[in-house]
Each structure stands twice: as C-alpha cells, then as structure tokens.
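K.L.:
next input, structure requested:
(2 chains)
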Amino acid sequence: MLSKFKAPKGTFDIIYPDSENLEMILRIGYETLILHGYRRISTPIFENTQVFVRGIGEDTDIVTKQMYTFEDRGGESLTLRPEGTAPVIRAYLERSLHSSGVPQKLFYFGPMFRRERPQAGRYRQFHQLGAEAIGSDDPAIDSEIISIPDAYFRKLGLKKYRVIVNSIGCVNCRKPYVTFLREFLEKVDAELCDDCRKRSQKNPLRVFDCKEETCARAISEAPVISDYLCDGCRTHFHSVLGMLDALGVGHEIEPRLVRGLDYYTRTAFEFIFEGLGAQNAVCGGGRYDYLVEALGGPPTSGVGFSIGIERLLRAIDLEGIKPVKLPRLDVFVAAVEGTPREAVLRTLSILRSASLSADTDFMGRSLKAQMRHANRLGARFVVIVGGEEFERGEVVLRDLDSSKQCTLKNNELIHRIRLVIEAKSGANNE
RNA sequence: GUGAUCGUAGCUCAGAUGGUCAGAGCGCCGGGUUGUGGCCCCGGAGGUCAGGGGUUCGAAUCCCCUCGGUCACCCCA
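P.N.:
Got it, this is the predicted structure:
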C-alpha cells in the first residue's frame, strides 16, 4: 500500500476496465429508457433534509439511521440523497412539470448514499438507474414500468432472474387488512421471533419478510392482502397482471412482497437474481399514489422503479456476460533516439485528428523499451519516427499483429493504417 | 447497530511447534552490442509482515486493543 489513505468504508473506485462495463450498461439502459419515451432528469446529489424525511418516511430505517445529514455553513440541514424518487418528485413540483404534459416520464442515474454496514451488493455510495412515471394511475403504466427493466435485462443477456409482483392496496383496503393481520399475529404471537413480535406492532406487513423457519410456519395461514383488496385495487392489479402477460413479462405473484410506507400503493415488484447473496434484488419499484401529496403537492399518482447498478454489474459477472470488448490502441508512436519531440507530437496529433487512437512514450525510453511498452498497451501498430527516414520525410509502420513493417511517406501513413484496419473489421463482419 | 471470519510486496500466496522467516510466482522497470515488441535469459525497484500495546533474551509467528476487508443479521438497490 503506497498510500495511507483509503476510500471511505463502503465506497470504492471504479477502475478500467470496470469503468468500461459501467459505461456500456448505462448506454444500453439509457437507450432502453429513451425507447420507452422517458427523458433524463438530473437532480442535485443533496437536498434539503425534509425532502427525504417526508418523501421516504420518518419512521423508516433510511431516515432514522442511514442518512448522511449535515448542516451547511448557512445553517440549513442538507442530506446526501439516499434514493432517487423523492428528489424527482420535488423537482416535478418545483418546476411544475405537469404543465408540460402528463404523465411525466423521467429517468435518472447517479450515486446514492446510505450509511449501512457494507456487504455483498450493499455499499454506502452506490448507483441507481431509475425511472418515474408521474401523473397517471393507468395500470398500463404500471406494466410499462415493470416491462422496462425486463427489456433492459434481456438486452444485456441476463436470464437468471424472477419478477415478483404484488398489490398492497390503498388506504381503503390496507387499513382494514392490517387490523385483521394484527389480530392474527396476536394469536400466533408465541411462535414468532423477537423481531417479528416487534414488527407485528410497528409494521405488521414486514413479518412476511422474516427468514425464520418458525415464523414462516406461523404465518403460513395469515391473511393475505390480495384477499382484502378493494374493488378498485383488485381491478387495477388484475389489469396489470394481464398486461404483463400480454407484454410477455414472466412474473410470479408474491403475496409476501410488501412496502413499509403509507404512501406506497397498489403495485409493488422486484427483480430477484439467483446467486447474488442476501441482497438479491437488482431492481425494485412500485406505485406511490400518495407520495406527491406527502411532499406538499396536489393528489398525483406515480409509479417507478430503481435498479441497483452495482448489483446489476455483479449479476452480469455471475452470468458470465462479457459486456465490452475493450477498445484497442490503434497506434503507438515510437521515436528513435535523437528525434525531435516536436516531430513525434506532430505525428501523434495527425493520427488523432484522423480519429485513430494514438499514444507515445513519456518516459524517455529506449526504442526497445518503447516497443515493449507498445506491446503491453495492446497497440495494433507502431509508427517509428526518426533516423534517416525522418530526414527523407518517411516513417516506419510496423504491424504488431503480423510483425511486418514497411517504410512509407508521411502523407501515406493514415491511408495505409486505415486500409489495414478496415480490411480486418470487414473480415470480422462477415 | 449486532455477529462470524480474515488482514505478509501492485496481485495470488509460502513462511510446523516463537530464534537467517522477510520469500516465491505473476506484474512493473531496465538490460541481453550497432535504431525495434510478444517467447527466453539476466538484473533492479517495491514490504513499519494492517496499526498500537503486551509476554519473551528474541515474534510476521503467542495475548489484548484498534482499524480495515469480507459475509450475514437489521433493512434495502
């Protein structure tokens, strides 16, 4: 270790060639989103703390113990965003985006921050690619929101995932359901673990998430939300499911899939991947018909999803998908000892102007060492500048693949390189 | 916040019961005669053995603490 400093716990550097993979999956993600009519929005990475307190929920783990909150020099409480939806809604309201037409179909990408103990697929700074459709409660938009990650993951070549969906109803049906559930949980209280006993008071829906065998058995007979949906929610849910079928999005109904907060409504879904470890949800999302109001806006429906990019990258790796073939350096310009630097730089510049990637030596190396370095960089060609050829206005062009080289006039260089490269790529395309 | 586990060169790792134990491979840099790569050969740089304290004549090797990595719980992307 050369440095005494380390990246903060739960953070990491994204280094080539991983950086290439990131770029690639983002590009495909953007394409997919744009194809579905979504436009990118970039919001600040910090917001007034209240945006999150009210947009995520005061009692959530995120707000109570995971936020990076600080006071700036003006005394305002700011928070590094722990998720993307609340800021988007804030922007939607602040900029009156409804006036440019609803639904507003927006997507975002960027870092999120949560102070948790890191583990596989969980970091303190992580990245999400997400989308929100604001202003419509049409079940068709739910199905679109769910179909986008599906289309995206397929495009990437991913296979080992399941889509689980559920409906958690609205205020009308959830309230009565929760009381039924509480009553049931009280009956089986003795069989529940400590955590679940707490949950059955505070947030009974969460009991369904418990991994304890005994709890799972105890609640196997528990009332399920889907049996208590009001007519509106039931119809909505069935429409969404039917549309997913029509769209060819394979899915399973998971009655135990829940959301903690009151303003989450109706559709909830996740994309679960095999083999990712405990944090196996690569994408999560759902409908939030009361969220806009919670942030001070008029009654407005919304649905969205969010993809955990680090988890997605891991899934890609696990499935053995190689996202990109790394671009290769076209030309390394090597100089014979004694050649004016200006001549080398001019050659470099000419190559780059012709859209050929080019590099040269900056370490004062011998020709031999330059060649070795060129090889290490994976260069296709080496152009050797200097000596008698230089006096005659010529350079040596060496093909590192074939080990053949020739001497040619300076002004023939670009043309000759292009010929070889295009001949090769032509052959590859057949 | 809780638990488990790990921490020797850039990377992967050797270093039995404490006494040439500070090493190997890979990588990196350089050289192998006159202006040229990949293989091969030679050489070099690089480590407070995570950090601190303790036990001991003596510790990378034993004990304690701290920090960090990893995985899991909580919760979530």
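
K.L.:
ok, residue A:403 to residue A:371 distance?
P.N.:
As defined by Cβ to Cβ, to the nearest Å, residue A:403 lies at a distance of 11 Å from residue A:371. All C-beta atoms are positioned from the backbone trio N, CA, C, and that covers glycine.

K.L.:
so for these two, which residue has more residues nearby?
P.N.:
Using other Cβ atoms under 10 Å as the criterion, residue A:403 and residue A:371 rank with residue A:371 on top: 19 against 7.

K.L.:
what sits against that one?
P.N.:
Applying Cβ atoms under 8 Å, 6 or more residues apart in numbering to residue A:371 gives the contacts A:334, A:382.

K.L.:
the helix or strand it falls within - what's its average pLDDT?
P.N.:
According to DSSP states H and E, residue A:371 maps onto helix A:367-376. Across helix A:367-376, pLDDT averages out at 94.

K.L.:
what mean pLDDT does whichever helix or strand comes after that helix have?
P.N.:
Once helix A:367-376 ends, the next helix or strand along the chain (criterion: DSSP H and E) is strand A:381-385. Averaging pLDDT along strand A:381-385 gives 96.

K.L.:
what comes up buried for the following helix or strand past strand A:381-385?
P.N.:
Using DSSP H and E, the helix or strand that directly follows strand A:381-385 along the chain is helix A:387-391. Buried residues in helix A:387-391, counted by 16 or more other Cβ atoms under 10 Å: A:387, A:389-390.

K.L.:
same for RNA strand B: which of those residues are within range?
P.N.:
Subset of the buried residues of helix A:387-391 in contact with RNA strand B: A:387, A:389, counting by Cβ under 7 Å from any atom of the strand.

K.L.:
just give me the closest of the buried residues of helix A:387-391 to RNA strand B.
P.N.:
Proximity of the buried residues of helix A:387-391 to RNA strand B (Cβ to the nearest atom of the strand) peaks at residue A:387, which lies at 3.1 Å.

K.L.:
relative to strand A:381-385, how tilted is the helix holding residue A:371?
P.N.:
Per axes from the mean of the first three to the mean of the last three Cα atoms, to 10 degrees, the angle that helix A:367-376 makes with strand A:381-385 is 160 degrees.

K.L.:
how about the nearest residue to residue A:106, chain neighbours excluded?
P.N.:
Computed as Cβ to Cβ, 6 or more residues apart in numbering, the closest residue to residue A:106 that is not its neighbour in sequence is residue A:41, at 4.6 Å.

K.L.:
which residues touch that neighbour?
P.N.:
Residues in contact with residue A:41 (Cβ under 8 Å, 6+ apart) are A:88, A:91, A:106-108.

K.L.:
need those in CSV (columns: neighbour count, secondary structure and distance to RNA strand B).
P.N.:
Output for the contacts of residue A:41, formatted as CSV (neighbours: other Cβ atoms under 10 Å; DSSP: H, G, I helix; E, B strand; the rest coil; distance: Cβ to the nearest atom of the strand, whole Å):
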residue, neighbour count, secondary structure, distance to RNA strand B
A:88, 25, helix, 13
A:91, 19, helix, 18
A:106, 23, strand, 17
A:107, 24, strand, 14
A:108, 22, strand, 13
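
K.L.:
show me how chain A divides into domains.
P.N.:
Following automatic domain parsing, one gets these domains for chain A: A:18-170+A:230-318, A:331-429.

K.L.:
of these, which stretch is the most buried?
P.N.:
domain A:18-170+A:230-318 (a mean of 18; mean count of other Cβ atoms under 10 Å).

K.L.:
gap between the two ends of that one?
P.N.:
For domain A:18-170+A:230-318, the separation between the terminal residues is 14 Å (Cα to Cα, to the nearest Å).

K.L.:
check what pLDDT the residue nearest to residue A:216 when sequence neighbours are not counted gets.
P.N.:
Leaving out its chain neighbours, the residue that sits closest to residue A:216 by Cβ to Cβ, 6+ apart is residue A:210, at 6.9 Å. Here the pLDDT value assigned to residue A:210 is 70.
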